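**Student:** Would you be able to build a 3D model of this:
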Amino acid sequence: FSSEGDRVYFGSYNAGLQVVDYGDPAAPRRVGQYIAEGATSWGAQVHRGYVYVGDMSRGLDVLQPVG
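**Tutor:** Numbering: from 1, shown residues only. This next block holds a predicted model:
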């Protein structure tokens, strides 16, 4: 996983990419996700406006968050 600001980006295997906002540590909330068909996401790195998600069966997804 990696973080930027209050957000943490997780590779969550079959649940794909999960983005959680920890701005209020007592009440974290999911603010985004990307689940590709057949996902086995194992890592996520956020860098310069993109999220790189390593996937054990699909390779590498490069995503650009919006909103």
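**Student:** Taking the chain centroid, which residue in the chain is the extreme one?
**Tutor:** Distance from the centre of the chain peaks at A26, with 20.5 Å (Cα atoms, centre = their mean).
**Student:** quick one: secondary structure of that residue?
**Tutor:** Here A26 is recorded as coil under DSSP: H, G, I helix; E, B strand; the rest coil.
**Student:** Now do it against H47, distance only.
**Tutor:** A26 sits 29 Å away from H47, going by Cβ to Cβ, to the nearest Å. Placement of C-beta: from N, CA and C, glycine included.
**Student:** again, but for V31
**Tutor:** According to Cβ to Cβ, V31 stands 18 Å off from H47.
**Student:** Could you do R7 as well?
**Tutor:** Applying Cβ to Cβ to R7 and H47 gives a distance of 13 Å.
**Student:** who's more crowded, those two?
**Tutor:** Higher neighbour count among R7 and H47: R7, with 16 against 9, using other Cβ atoms under 10 Å.
**Student:** Check the closest residue in space to D55 that isn't next to it in sequence and give its pLDDT.
**Tutor:** Nearest residue to D55, sequence neighbours excluded (Cβ to Cβ, 6 or more residues apart in numbering): S41, at 5.1 Å. If you check S41, the pLDDT there is 95.
**Student:** what's the neighbour count on S41?
**Tutor:** S41, neighbours per other Cβ under 10 Å, totals 24.
**Student:** pretty sure it is in contact with V51, am I right?
**Tutor:** No: with contact taken as Cβ atoms under 8 Å, S41 and V51 are classed as non-touching, separated by 10.6 Å.
**Student:** anything in contact with each of those two?
**Tutor:** L17 (Cβ atoms under 8 Å, 6 or more residues apart in numbering).
**Student:** What residues are bridge-paired with the residue nearest to D55?
**Tutor:** Applying DSSP bridges to S41 yields these beta-bridge partners: Y13, D55.
**Student:** V20 versus that one, what's the distance?
**Tutor:** 14 Å.
**Student:** what comes into contact with stretch 15-35?
**Tutor:** With Cβ under 8 Å, 6+ apart as the test, stretch 15-35 has contacts from 6-12, 14, 36, 39, 41, 44, 51, 53, 61, 63, 65.
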